[in-house]
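Visitor: can't give you the sequence, but here's the structure:
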């Protein structure tokens, strides 16, 4: 694995689009739910947000663990 590939993989993270897709809502809905409660644009978070965020976090962590394993294996070579 070269430097560019390794760092591209390291910098992978979920986006607002990923979260919106996981929840079946628009990116705008996510943005509105993230605004401060006193804002007139604020909306309640989508139902099931906790599960979706957890799943995205777990997938991201698993991705990074696989990357670390590949790099560990390469270090031993």
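Guide: Great, that's in hand. If you're wondering where the values come from, they're calculated on a predicted model, not measured in any experiment. Residues are numbered from 1 along each chain as shown.
Visitor: From now on I want contacts and neighbour counts done on CA atoms only, so please keep to that.
Guide: Noted.
Visitor: per-residue confidence for the residue nearest the centre of the chain?
Guide: Closest to where the C-alpha atoms of the chain average out (CA atoms, centre = their mean) is residue 14, at 2.2 Å. pLDDT, the model's per-residue confidence, is 96 for residue 14.
Visitor: Number of residues surrounding the closest residue to it other than its chain neighbours?
Guide: Nearest non-adjacent residue to residue 14, counting by CA to CA, 6 or more residues apart in numbering: residue 56, 6.7 Å away. Residue 56 has 17 neighbours, counted by other CA atoms under 10 Å.
Visitor: Remind me which helix or strand residue 56 belongs to.
Guide: Using DSSP states H and E, residue 56 sits within helix 49-76.
Visitor: which of the residues in that helix are buried?
Guide: Under the neighbour-count criterion of 16 or more other CA atoms under 10 Å, helix 49-76 has 52, 53, 56, 60, 64, 67 buried.
Visitor: now it: how far from the chain's centre is it?
Guide: Helix 49-76 sits 11 Å away from the centroid of its parent chain (CA atoms, centre = their mean, to the nearest Å).
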